[in-house]
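Asker: would you be able to build a 3D model of this:
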Amino acid sequence: MPLKKNDFIEIEFTGRIRDGEVFDSNLPEELKKLNSNQQAKPFIFSLGQDMFLKGAEEFLIGKEIGNYKIELKPEKAFGTRNPSFIQIIPMKVFIEHKINPISGAVLTFDNKLGKVLTVSGGRIIVDFNNPLAGKEVVYNINILRKIEDINEKINALNDFLFRKNFKFEIKDNKLILEVEKGFKQFVELFKDKFKEMIGLDLEVNEIEKTN
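Answerer: Got it, this is the predicted structure:
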């Protein structure tokens with residue numbers, strides 16, 4: 001049966017730049033090449049909900065379980081390069097933050113990643129474009145299965161949205177999550193998302209954190 005929007009699927013994947021360089025994967029052998037500390041495990045997500053690269057999600061909707069090679073132009077991948085994202089930042093900004101700018105370094109500025117292109121006197125040129133902007137990419141995706149179990153869907157959502165494994169129960173078409181104190185207000189921001197993706201109303205209860 002063809003996959004549709006909001007279906008949860010489990011995949012193995014590898015993303016490459018057109019010239020063959022791997023930039024992302026959840027396969028052990030590829031993660032080893034990337035020197036990544038990320039744990040190799042199948043990825044579960046909901047189609048059409050921007051939990052994966054949008055261009056790849058659009059390709060997979062309507063497909064069956066199986067292996068696919070997806071070739072994406074920059075517009076469908078990480079976007080085209082925007083010249084306005086290349087900015088000149090005065091050296092005094094770096095001095096104030098006790099940062100020594102080095103050409104090629106990737107730093108965080110106001111929660112945005114920027115790559116230092118050149119350091120010349122009191123002016124530093126920083127590129128805030130996504131490192132993959134302007135590049136054609138290729139994804140090899142193996143759809144392992146469609147997820148039907150509601151508990152797996154909830155665990156996948158909690159992991160994706162909060163990087164947490166919350167305790168929960170389902171009662172009278174309601175999902176009741178137990179969250180640590182101080183986390184309730186943030187989790188409640190996703191009430192509409194839970195309703196749309198798994199069809200349950202969300203109730204959030206705070207609990208005292210235990211050691």
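
Asker: how about the helices in the protein?
Answerer: In the chain, helices defined by DSSP state H lie at 28-33, 54-60, 91-96, 150-162, 184-188, 191-198, listed in chain order.

Asker: return the distance of the closest residue to Lys69 other than its chain neighbours relative to Ile95.
Answerer: Taking C-beta to C-beta, 6 or more residues apart in numbering, and ignoring the residues beside it in sequence, Lys69 has Asn140 as its nearest neighbour in space, at 5.6 Å. (Each C-beta comes from the backbone N, C-alpha and C, glycine too.) Remark: distance between Asn140 and Ile95 (C-beta to C-beta, to the nearest Å) = 45 Å.

Asker: can you list the domain ranges for the protein.
Answerer: Here the domain assignment for the chain is 1-80+134-148, 83-127, 149-211, based on automatic domain parsing.

Asker: which stretch in those has the least confidence?
Answerer: Ranked by mean pLDDT, the domains of the chain end with domain 83-127 at the bottom, a mean of 89.

Asker: quick one on the thing from earlier: could you dump the domains of the chain to TSV with mean neighbour count?
Answerer: As requested, the domains of the chain are exported to TSV (neighbours: other C-beta atoms under 10 Å):
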stretch	mean neighbour count
domain 1-80+134-148	16
domain 83-127	13
domain 149-211	14
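
Asker: quick check: the residue of the chain most remote from its centre vs Glu203, distance?
Answerer: The C-alpha centroid of the chain is most remote from Gly121, which lies 36.9 Å away (C-alpha atoms, centre = their mean). Between Gly121 and Glu203 the distance is 58 Å, computed by C-beta to C-beta.

Asker: again with Ala40
Answerer: For Ala40, the distance to Glu203 under the criterion C-beta to C-beta works out to 34 Å.

Asker: contact partners for Gly121?
Answerer: For Gly121, the residues meeting the contact criterion (C-beta atoms under 8 Å, 6 or more residues apart in numbering) are Met91.

Asker: dump stretch 184-193 to CSV, restricted to CA.
Answerer: This file holds the C-alpha atoms of stretch 184-193, laid out as CSV (Å, rounded to 0.1, in the frame of the first residue of the first chain):
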residue,chain,number,x,y,z
LYS,A,184,5.5,21.2,31.1
GLN,A,185,5.0,24.6,29.4
PHE,A,186,7.5,23.7,26.6
VAL,A,187,5.9,20.3,25.9
GLU,A,188,2.4,21.8,25.8
LEU,A,189,3.5,23.9,22.8
PHE,A,190,3.3,20.7,20.7
LYS,A,191,-0.4,19.8,21.6
ASP,A,192,-1.6,20.5,18.1
LYS,A,193,1.3,18.5,16.6
